[in-house]
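**Q** no FASTA, just this:
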C-alpha cells in the first residue's frame, strides 16, 4: 500500500521540525511540504498533491481555519487536520455547522503520541471526522438526550469520533469485530442515524453529532492522552 502524502503548515519552527521529522521517520506517510505561513501554503503546489494537510489554527496571528477553508475549496478531496492549543472544539464551529467531512481537530499536547496523529491523518484522508482523544473523552458529552445509550455505546461513539475503525474499537474494548459490527449498527439507531441511506456516511454523521454536542460541553482536560 502506498504511503499517504501530507503537508504541514506550522509557524513554530521547533514544533514544525519535530513533527515533520517524526512523521517522515514513521514510514506511514510521505511529507510533501513543511511550511510556516498562510502565504507559503497558498503558493506551494505540494499541498494540491497531498492527501491531507496539518494546519496550526493560529499562524502568527493569521487564521489557520480560514486557510483550511480556502484549501478545501481548491482541493475538495484534501483531508484537514487542525492543530490547536485551545482545548475547545468551538474553534471549529464553522466546519461543524457546514457538516464538512474529512477534517480533524487535535490538541498540540496530543501530537506527542504519533499514533494519534497518524490515526487522524488516515481518517481525514478517507473523509472521516476526528476529534482529539481528550475532546472525545467519555464524559465530554453529557448524558443530555442520550440517556438511552449504554456505557458500551457511549464508549464506541467516542472511539468512532477519535477515528478508530471497527477492528480497532474491537481490540480496544477486548471483543470480537463481529460484536462491534453489530453493536455499531445499534449505536446508529440509538442516535437516529439511518445507516441504510446511501447518501449518508453514518460514521461521519455520528462524529459530527458528537462534535456539535462537545461544543456545549464543559471540558475537563486530562494531563496525558489515552493510549490506543
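**A** Done, it's in. On a predicted model such as this, the values are computed, not experimentally measured, just so you know.
**Q** how far does stretch 107-123 stretch from one end to the other?
**A** 16 Å (CA to CA, to the nearest Å).
**Q** pull out the buried positions in it.
**A** 107-111, 113, 116-123 (16 or more other CB atoms under 10 Å). All C-beta spots, glycine's among them, are computed from the backbone N, C-alpha and C.
**Q** same thing with stretch 61-80?
**A** Neighbour-count burial for stretch 61-80, counted by 16+ other CB under 10 Å, picks out 64-65, 67-69, 71-72, 75, 78-80.
**Q** stretch 4-14 now?
**A** Buried residues in stretch 4-14, counted by 16+ other CB under 10 Å: 4-12.
**Q** please apply the same query to stretch 25-35.
**A** By 16+ other CB under 10 Å, the buried positions in stretch 25-35 come out as 28-29, 31-35.
**Q** tell me which residues are up against it.
**A** With CB atoms under 8 Å, 6 or more residues apart in numbering as the test, stretch 25-35 has contacts from 3-10, 16-17, 20, 23-24, 41, 44, 46-47, 49-50, 114, 118, 121.
**Q** chain center to that stretch, what's the gap?
**A** Offset of stretch 25-35 from its chain centre (CA atoms, centre = their mean, to the nearest Å): 18 Å.
**Q** and for stretch 95-104?
**A** So, by CA atoms, centre = their mean, the centroid of stretch 95-104 is 10 Å from its chain's centroid.
**Q** quick one: mean pLDDT over that stretch.
**A** What stretch 95-104 shows for mean pLDDT is 90.
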